[in-house]
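**Student:** no sequence on hand, only this structure:
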């Protein structure tokens, strides 16, 4: 088992939510892709793929309800945040602090990170956000949690749960990865309530917070490219791609073997593309961790869009040799070398320009690695081993954690020091080597390499 599976305790329960998640994307095409690597299944997988969502949205644009189009439309720009969204209920917070102190005193668990004494820092410790960002999140889901609350949302004291307390319960569950029983005890509610509240929160965020995870419009992309070039020296680089395993336990049945990955864990993949601020601008999740990373990429909507010329299709740069440098992203050697995906050179005795390219490519590429480490460190439900989760609903949980990650950045909020994982997000897994090199990709990489100034020239 990988390090994550051996070092973290399982969360202790199945995610037994009863609501079905809406399926997005082109199921039949995915099923044909999966037939190449897995035997046929009776059901169809639930995939969360921002690239596929864009493809489907473009097909349905003429028939969408105008109100829904207006709500979803973002054109790639970041959402404007209201100045003051402080919720009316703050009593839950002090009750939670008191209950946590009581439970912590009784448990006397050693080795845990101490809760900060400062109240604002303590809030960030438990919920990963400032109060202002928390209130903004409440404003996103408020209408849904008020208009269609789950049945039986009454705490031990006999009162209905406020929106703020519901959001706090859900965010604490995602942030800590603790069992529903443990989270419920800290809020004075039962396991069933934690389950219902968390799922309602995830449903609402998935529907209403999508504008926080969009592919940038061209104006914003130009800013991203400029900042990435200032950071790494790579011209026309639009972001970094990486993938990680979300580990889980599954029942001992034949179908579970499809999810057994090379590290002998049962897992689900999350692939993300991030910008210069480690903000997710494209994700795909829902595919088994048994797939090679190169196959995961090929199954994604992002790959389809790039191959169709509908993504990474912005203005080209001209090199010193009058060759064109198109828009591209960077990835590790587990990915194929493509005209729009630059991977490192691999060989002994690399030339100085190749070594220079690899160093600069790594500077940009590590943004993806660090983003996934921050995501899993912030929302520990993705880092701990999930106990028999509903694989049709797990993609929604992963997506919402990515949305929360982006909201923290969009609100210009900051995580507490030490939240990010101290090690790689996928420890315990051997590095894959794809070795696929597209001829046009090789020409493109050579063009970028020749365009780059050497480190010596920069220093001089």
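**Tutor:** Okay, I see it. Since this is a predicted model, take the numbers as computed values, not measurements.
**Student:** next, count neighbours for residue 433.
**Tutor:** The tally of other residues near residue 433 (other CB atoms under 10 Å) stands at 12. C-beta: built from backbone N, CA, C; applies to glycine.
**Student:** out of everything not next to it in sequence, what's closest to it?
**Tutor:** residue 333 (5.3 Å; CB to CB, 6 or more residues apart in numbering).
**Student:** pretty sure the one you found contacts residue 341?
**Tutor:** No. Counting by CB atoms under 8 Å, residue 341 is not a contact partner of residue 333; they are 11.3 Å apart.
**Student:** more crowded one of the two?
**Tutor:** Neighbour count, other CB under 10 Å: between residue 333 and residue 341, residue 341 has more, with 22 against 16.
**Student:** phi, psi for the more buried one please.
**Tutor:** Here the main-chain torsion angles of residue 341 (degrees, to the nearest 10) amount to phi -140, psi 110.
**Student:** need the contact list for it.
**Tutor:** Applying CB atoms under 8 Å, 6 or more residues apart in numbering, we find residue 341 in contact with 241, 297, 328-331, 335, 441.
**Student:** now do it, the pLDDT please.
**Tutor:** For residue 341, the pLDDT comes out at 98.
**Student:** offset the numbering so it begins at 39, please.
**Tutor:** Yes, from this point I'll number from 39; that puts the last item at residue 379.
**Student:** wait, what's in contact with residue 181?
**Tutor:** Applying CB under 8 Å, 6+ apart, no residues contact residue 181.
**Student:** top helix in this protein by residue count?
**Tutor:** helix 390-416 (DSSP state H).
**Student:** quick check: next helix or strand after that one?
**Tutor:** strand 424-425 (DSSP states H and E).
**Student:** can you tell me the strand partners of that following strand and which way each runs?
**Tutor:** As defined by DSSP bridges, the strand partners of strand 424-425 come to strand 275-287 (parallel).
**Student:** avg pLDDT for the partner strand?
**Tutor:** Mean predicted lDDT for strand 275-287 stands at 95.
**Student:** gap between that strand and the chain center?
**Tutor:** 8 Å (CA atoms, centre = their mean, to the nearest Å).
**Student:** okay, the angle between that strand and helix 390-416?
**Tutor:** Going by axes from the mean of the first three to the mean of the last three CA atoms, to 10 degrees, strand 275-287 is angled at 50 degrees with respect to helix 390-416.
**Student:** the helix or strand following strand 275-287 vs strand 275-287, what angle?
**Tutor:** Once the chain leaves strand 275-287, the next helix or strand it forms, by DSSP H and E, is strand 304-312. Strand 304-312 and strand 275-287 are oriented at 160 degrees to each other (the same axes, to 10 degrees).
**Student:** could you give the mean pLDDT of strand 304-312?
**Tutor:** According to the model, strand 304-312 has a mean pLDDT of 96.
**Student:** tell me which other helices or strands the next helix or strand after that strand touches.
**Tutor:** Moving toward the C-terminus from strand 304-312, the next helix or strand (DSSP H and E) is strand 318-326. Counting contacts by 3 or more CB pairs under 8 Å, 6 or more residues apart in numbering; DSSP states H and E, strand 318-326 packs against strand 86-87, helix 88-98, strand 304-312, helix 331-337, helix 339-345, helix 432-448.
**Student:** now do strand 318-326: distance to the chain's middle.
**Tutor:** 7 Å.
**Student:** try stretch 394-403
**Tutor:** Worked out by CA atoms, centre = their mean, stretch 394-403 lies 23 Å from the chain centre.
**Student:** and the residue minimising distance to the centre of the chain, how far from residue 324?
**Tutor:** Residue closest to the average C-alpha location in the chain (CA atoms, centre = their mean): residue 440, at 3.5 Å. Distance of residue 440 to residue 324, given as CB to CB, to the nearest Å: 13 Å.
**Student:** and the gap between residue 474 and residue 369?
**Tutor:** For residue 474, the distance to residue 369 equals 12 Å [CB to CB].
**Student:** so those two - more neighbours on which side?
**Tutor:** Neighbours were counted for residue 474 and for residue 369 using other CB under 10 Å; residue 369 has more, 28 against 12.
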